[in-house]
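*Asks:* Could you work out the structure for the sequence below:
(chains A and B)
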Amino acid sequence: MDGKIIVDVKGVSKTYEGGVEALQDVHLAVPPGRLTTFLGPSGCGKTTLLKIIAGLIEPTAGDVLVKGRRISGPGPERAFVFQDFALLPWANVLRNVAFGLELRGMPVPERHAVARTYIAEVGLAGFEESYPSQLSGGMRQRVGLARALAVDADILLMDEPFSSVDEQTRRKFQEDLLALLGHQRKTVIFVTHSIEEAVYLSDRIVLLSRRPGKVSRVIESNIDRSGSPDDIRRDRNYLDAVDEIWRTLKAYLP
Amino acid sequence: MLVFGAWEIAGRIPISLAFPTFGETVAALLALIADGSLIKAYASTLQPLLIGIAVSAVVGVAAGVGMGLSRSLEWLALPIFIILQAAPLAAIIPLITYIYGIGLTAKSLAVILLATPVVVMNAYKGIRNTDPSLIAMGRSFLGTRTQQILKIMIPHARGLIFAGLRLGLAMGFVGVVVAELLITPTGIGDLITYHGSVANYAEMYASIVSIVALAAVTIGALERVERRLFRATGAAA
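*Replies:* Predicted coordinates for the structure are as follows:
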């Protein structure tokens, strides 16, 4: 076990009740401090794989090691961002963001102070007292992100976080996420079905094949991220990577 | 106003000898209050009602939450409450009288039998239908089972629980009047039967109106309590 791997997926298979085989013998090593995306067609089991790493789903076979230790459930070193936000509708933004800390028994003044910091980080300062129903989809997901950041986990697991957010909001959110992660030094595993999103956000893309899902390729793209977001989207390497992934994925389409 | 006007006209026509005008009914109501018989009637009607409602609320919410949380409790208790909900109370009352006599116990039991099932079913559905994604969220942020129940499931279910309590309260009023009419005429049931039997139709209607009004006011008050409670704990929408 060398220090270069933070999440190690070893031979994970998952067969759901009723015989649907979602994942078959998946092997995958995730390096620390980087953003890795799982990309694949609908139903390829990418969310299942993420939830297995999160400890929310038990694999039928195989093991997941996090920092060298075999996991048997959720842990404090991993935080999850949900596709449908999973916010408490009866709690305001402040309480929602502090909820992970509340469950850990942190006293109110401390957890609210931490929550306020991250609410500001994700650009929601001033909305502490708002309720989820008063926020747009994009803002709700910022609350979900702040909640995951607030528990200070090393690994951030994001399950199609922008899929229910409109295109413009999504682009802005992607840019903000990159800026945020630039100074947070987290390991991020990000599930998406958007090729552009995967290439834009990450330089390590894991392509999963159609059900039963297997790792079909791992693509490392070398995009120059020093420029502006628009420069990245016009970058040669960016466009090549999108093309290459599309050609691979096309083979899986019926 | 329109209803009262129509009532006044219908009473004057008259559509039936047993149908007093609105004015006569109001006068009778005031008379019943003045001679203390209405107050005495409610003193006895409210006993089984309050006992029954209190038992239904506590037992009903506890049983419903328990059934929502435990599959084996659900398997055991759900059929009982479904049958109770479907059973016509009037048919069960002779059985209650046979076992528990004609006193306060039997009447409270009638209220409980009518009010509990709806309280139970609502609490049960509220807990069982908790958003699975919120449960996964609680697990992923390392919430314990107790935290999951207290901080996610019960707050999630409280809208349905309160709706159940409101319906249960309404059913409780039905239960107590049915019990007072069918078991032994006491309280408001006695007023209705007595004045009906001696052809004091205005007094009979006044008694009926009073219990309907009391039920409406109580349910409205519960709704207000619910709204205040939710605002205090921060559920704006």
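
*Asks:* got a list of what residue A:61 touches?
*Replies:* A:11-13, A:25 (Cβ atoms under 8 Å, 6 or more residues apart in numbering or on different chains). Yep, even glycine has a C-beta here, placed from its N, CA and C like the rest.

*Asks:* Residue A:87 too?
*Replies:* With Cβ under 8 Å, 6+ apart, residue A:87 has these contacts: A:96, A:132, A:140, A:143-144.

*Asks:* what's the burial count for the residue in the stretch 101-250 of chain A positioned nearest to chain B?
*Replies:* Taking Cβ to the nearest Cβ, chain B has its nearest neighbour within the stretch 101-250 of chain A at residue A:133, 3.9 Å off. By the criterion of other Cβ atoms under 10 Å in any protein chain shown, residue A:133 has 12 neighbours.

*Asks:* ditto for the one 4 residues further on
*Replies:* Counted with other Cβ under 10 Å, the burial measure for residue A:137 works out to 17 neighbours.

*Asks:* what about the nearest residue to it once chain neighbours are set aside, which SS state?
*Replies:* Sequence neighbours aside, residue A:165 is the residue nearest to residue A:137 in space, at 4.8 Å (criterion: Cβ to Cβ, 6 or more residues apart in numbering or on different chains). What DSSP: H, G, I helix; E, B strand; the rest coil gives for residue A:165 is coil.

*Asks:* Please identify which helix or strand holds the spatially most central residue of chain B.
*Replies:* In chain B, the C-alpha nearest the mean C-alpha coordinate belongs to residue B:169, at 2.1 Å (Cα atoms, centre = their mean). Using DSSP states H and E, residue B:169 sits within helix B:154-182.

*Asks:* is that helix anywhere near chain A?
*Replies:* Yes. For helix B:154-182 and chain A, the contact criterion (Cβ under 8 Å from any Cβ of the partner chain) is met by B:155-156.

*Asks:* Can you tell me the number of residues neighbouring residue A:75?
*Replies:* Neighbours of residue A:75 (other Cβ under 10 Å): 17.

*Asks:* Give me the buried subset of the contacts of residue A:61.
*Replies:* Among the contacts of residue A:61, the ones that count as buried by 16 or more other Cβ atoms under 10 Å in any protein chain shown are A:12-13.

*Asks:* Out of the contacts of residue A:61, list just those in strands.
*Replies:* Under the assignment DSSP state E, those contribute A:11-13, A:25 to strands.

*Asks:* would you list the residues you listed in JSON lines and tack on pLDDT?
*Replies:* Compiled in JSON lines, those are given as follows (pLDDT from 0 to 100):
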{"residue": "A:11", "pLDDT": "85"}
{"residue": "A:12", "pLDDT": "88"}
{"residue": "A:13", "pLDDT": "88"}
{"residue": "A:25", "pLDDT": "88"}
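
*Asks:* one step back: for the helix holding residue B:169, name the packing helices and strands.
*Replies:* helix B:37-69, helix B:89-100, helix B:104-128, helix B:187-197, helix B:201-232 (3 or more Cβ pairs under 8 Å, 6 or more residues apart in numbering or on different chains; DSSP states H and E).

*Asks:* Quick one, which of those helices gets closest to residue A:184.
*Replies:* Ranking these by distance to residue A:184, with Cβ to Cβ as the measure, places helix B:201-232 first at 36.5 Å.

*Asks:* how far is that closest one from where the chain is centred?
*Replies:* 10 Å (Cα atoms, centre = their mean, to the nearest Å).

*Asks:* quick one: that helix to helix B:154-182, angle?
*Replies:* 170 degrees (axes from the mean of the first three to the mean of the last three Cα atoms, to 10 degrees).

*Asks:* give the contact list for residue 70.
*Replies:* Reading this off chain A. Residue A:70 touches A:63-64, counting by Cβ under 8 Å, 6+ apart.

*Asks:* Could you pull up phi and psi at it?
*Replies:* For residue A:70, the backbone dihedrals (degrees, to the nearest 10) come out as phi -70, psi 130.

*Asks:* do the same with residue A:30
*Replies:* phi -110, psi 120.

*Asks:* Quick check: it touching residue A:5?
*Replies:* Yes. Here residue A:30 reaches residue A:5: they are 6.8 Å apart, a contact under Cβ atoms under 8 Å.

*Asks:* With neighbour numbers in mind, choose between these two.
*Replies:* Per other Cβ under 10 Å, whichever of residue A:30 and residue A:5 has more neighbours is residue A:30, with 20 against 16.

*Asks:* so the more buried one bridges to which residues?
*Replies:* Counting by DSSP bridges, residue A:30 is bridged to residue A:7.

*Asks:* Give me the distance between it and residue A:50.
*Replies:* 11 Å (Cβ to Cβ, to the nearest Å).

*Asks:* and for these two, which residues touch both?
*Replies:* In contact with both residue A:30 and residue A:50: residue A:189, using Cβ under 8 Å, 6+ apart.

*Asks:* same for the helix or strand bottoming out on mean pLDDT in chain B, what does it pack against?
*Replies:* Counting by mean pLDDT, DSSP states H and E, chain B has its least confident helix or strand at helix B:2-12, which shows a mean of 78. Judged by 3+ Cβ pairs under 8 Å, 6+ apart, helix B:2-12 is in contact with helix B:22-34.

*Asks:* for the helix it packs on, the distance to its chain's centre please.
*Replies:* Distance, centroid of helix B:22-34 to centroid of chain: 26 Å (Cα atoms, centre = their mean).

*Asks:* Okay, and the residue lying farthest from the centre of chain A sits in which element?
*Replies:* The centre of chain A is farthest from one residue, residue A:109, which by Cα atoms, centre = their mean lies 29.0 Å away. According to DSSP H and E, residue A:109 maps onto helix A:108-121.
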